[in-house]
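# what follows is a predicted protein model with its sequence.
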Amino acid sequence: MGVRRTFLFLPIALVAVVGSVTLHPAAAATPTATPNPAATPSEPAGVDPIPSVTASPGTSPSPTVAPSPGPEAGSPPVVEPPQSITRPRLAPRTRLALQARLDRLRERYAIPGISVAIVLPDGSTWSGVSGLADVPEKVAVTRSTSFAIASVSKTFTAALILALAEEGRIDLDARVRTYLPGLKKVSSKVRVRQLLDHTSGLRDYFFHPSIDHQLLSRPDRRWDSALSLKYVGKPYFEPGKGWHYSNTNYLVLGMLAEVVGQEPLADQVRTRFLDPLGLEHTWYQPEDTALKDVAHGYRFASASTKAPAIDLSDGTPLVPFTSVVTAAGAAGGFASTARDLARWAHYLYGGEVLRPEYLSAMVDAGTTTALKSSIPYGYGTQVVEIDGLRTVGHSGRLLGFRSAVRYLPDRGVAIAVLTNQSRTDPAIIVRNMLRIALTPVEGACGCRQRR
């Protein structure tokens, strides 16, 4: 197949409401304090247990897409060079309005740094940055600054699994232990597609009551999938009998991809997607060489906008810190820039990465099953509504970082918003940016034009 055209648990009584979705954090589990500033956060440290979006409740998918013949295993990807997306086509006053709103939102919510990119239907892009990547050193965010993207990583993992399915190397209806026979933490009944759409019932390892202490007491320790899986508890339900967002599903999918693809996850994603699409500032933190321009993640001791930003860095280039991002693995281990992620959404959801039947399984399946999910969810893709417009994409949250990537199929517009904090939902920024970018203005001729 080729390119074709952690968290500290909050009290259970604490309920976060985002738009019309009510998100219920897990039960409290307070770790022993340590001298490291990451050891006493007031918010989750791991990959978001429940996606944070602005949406209406819906259902999760269970599409029927059988693997079909494709190129021989190991064949090089068929790549057509991506079109240029560096020319801003928005009107000058619209670009100024976007930057001005971005600066105001960053100040209003006391966000250390923000990076935003919007890709239009013709592939042209607008990007804007505001604030600091490193607060004490007063290093500004640039358009090439990478941020931890947390669960937005799932879009890459899901696309890789579907690419392998296109080639006939993975059967989505096969049992997971067909490929990973020694993985006793996964029931022999769980099928591959149930990992993709969170209907496997596998308990989220980031919900284990002792994992936060383990992650935060040694923030510079490298984890692997085997260590993370030790924290998987009793299943939520029998496979296929319910829906529950679980990072364990995507941790296992990463293991599956490496066994079937016979290469590390980082190498497969780079060969299939990143290099062909020119996504030069996206990298898989557990395996890839770290880039230099990387934002530090910050937490705050209170909700006050005057609370000082507390740096979570462990002194390495991995963000927010080594233990949590390596424990996240394929569920949340990538870092990227807003420009790369908006381009990724443009190509992926615009139909240039997967064949139509697999793209449909990824994005349209969010309304095809009777299993209720907190939001409509396809394969590594949330299906949400913003101001009456259907969008697909994913949000992400790690201690110190929050992100959101959305693609509007009816408009052909993609947007990515990355922040180096985790207390303010970037959906607010997404909505504000889209309202400005999508509102037509009167031209000199008196006709309606794109801003």
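In hand now; what should we look at?

# which residues sit against stretch 304-311?
Stretch 304-311 is contacted from outside by 37, 108-110, 112, 135-136, 296-301, 421, using Cβ atoms under 8 Å, 6 or more residues apart in numbering. No exception for glycine: its C-beta is placed from N, CA and C like everyone else's.

# format the residues you listed as a markdown table; extra columns: secondary structure and pLDDT.
Output for those, formatted as a markdown table (DSSP: H, G, I helix; E, B strand; the rest coil; pLDDT from 0 to 100):
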| residue | secondary structure | pLDDT |
| --- | --- | --- |
| 37 | helix | 40 |
| 108 | helix | 97 |
| 109 | coil | 97 |
| 110 | coil | 97 |
| 112 | coil | 98 |
| 135 | coil | 97 |
| 136 | coil | 96 |
| 296 | coil | 98 |
| 297 | coil | 98 |
| 298 | strand | 98 |
| 299 | strand | 96 |
| 300 | strand | 96 |
| 301 | coil | 92 |
| 421 | coil | 98 |
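
# mind listing what's buried along the helix or strand hosting residue 275?
Using DSSP states H and E, residue 275 falls within helix 275-277. Within helix 275-277, the residues scored as buried using 16 or more other Cβ atoms under 10 Å are 276-277.

# elements contacting that helix?
Judged by 3 or more Cβ pairs under 8 Å, 6 or more residues apart in numbering; DSSP states H and E, helix 275-277 is in contact with helix 338-349.

# which residue would you name as the spatial centre of the chain?
residue 152 (0.8 Å; Cα atoms, centre = their mean).

# what sits against it?
Per Cβ under 8 Å, 6+ apart, neighbours of residue 152: 334, 336, 341, 393-396, 403-405.

# packing partners for the following helix or strand past the helix holding residue 275?
Downstream of helix 275-277, the first helix or strand assigned by DSSP H and E is strand 283-284. With contacts taken as 3+ Cβ pairs under 8 Å, 6+ apart, strand 283-284 sits against helix 265-269, strand 334-336.

# all helices for this structure, in order.
Assigned by DSSP state H, the chain shows helices spanning 92-108, 153-166, 176-179, 192-196, 211-217, 225-229, 247-261, 265-269, 275-277, 322-328, 338-349, 356-363, 427-438.

# which stretch among these comes nearest residue 124?
helix 338-349 (10.4 Å; Cβ to Cβ).

# check residue 89 and give its pLDDT.
At residue 89, the model reports a pLDDT of 75.

# run a quick neighbour tally on the closest residue to it other than its chain neighbours.
Among residues not flanking residue 89 along the chain, residue 124 sits closest, at 4.0 Å (Cβ to Cβ, 6 or more residues apart in numbering). Around residue 124 sit 16 other residues, with neighbours defined as other Cβ atoms under 10 Å.

# pretty sure residue 124 is touching residue 95, no?
No: the criterion here is Cβ atoms under 8 Å, and residue 124 misses it with residue 95 at 11.4 Å.

# before we move on, back to that, what subset of the contacts of stretch 304-311 is buried?
Taking 16+ other Cβ under 10 Å as the criterion, what is buried in these is 37, 109-110, 112, 135, 296-300, 421.

# and those, which is closest to residue 286?
Of all the buried ones among the contacts of stretch 304-311, residue 286 sits closest to residue 297, with 16.3 Å by Cβ to Cβ.

# roughly how far apart are the spatially closest residue to that closest one that is not a sequence neighbour and residue 150?
Spatial nearest neighbour of residue 297, excluding adjacent residues (Cβ to Cβ, 6+ apart): residue 400 at 2.2 Å. Residue 400 sits 10 Å away from residue 150, going by Cβ to Cβ, to the nearest Å.

# what of residue 297?
10 Å.

# shared neighbours, these two?
The overlap between the contact sets of residue 297 and residue 150 (Cβ under 8 Å, 6+ apart) consists of 398, 401.

# where does this protein have low pLDDT?
Across the chain, the ranges flagged by pLDDT under 70 are 1-88, 365-372, 440-451.

# hmm, try it at 90
For the chain, applying pLDDT under 90 flags the ranges 1-90, 122-124, 303, 364-376, 439-451.

# so residue 417 is in contact with residue 403, correct?
Yes: with contact defined as Cβ under 8 Å, residue 417 reaches residue 403; the gap is 6.5 Å.

# closest to residue 165 among the contacts of stretch 304-311?
Within those, the smallest distance to residue 165 is 34.0 Å, found for residue 297 (Cβ to Cβ).

# now do the contacts for that closest one.
148, 311-313, 319-321, 398-401, 420-422.

# can you tell me how far the nearest residue to residue 415 once chain neighbours are set aside sits from residue 402?
Leaving aside its chain neighbours, residue 415 sits nearest to residue 118 (4.9 Å; criterion: Cβ to Cβ, 6+ apart). Per Cβ to Cβ, residue 118 is found 18 Å from residue 402.

# now swap in residue 316 and tell me
For residue 316, the distance to residue 402 equals 21 Å [Cβ to Cβ].

# now swap in residue 321 and tell me
16 Å.

# filter the contacts of residue 152 down to the buried ones and hand me the PyMOL line.
This is the PyMOL syntax for the buried subset of these, where burial follows 16+ other Cβ under 10 Å:
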select buried, resi 334+336+341+393+394+395+396+403+404+405
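
# relative to residue 190, which of the contacts of residue 152 is nearest.
residue 394 (21.9 Å).

# skip the chain neighbours and tell me the closest residue to the closest one.
Nearest non-adjacent residue to residue 394, counting by Cβ to Cβ, 6+ apart: residue 152, 4.8 Å away.
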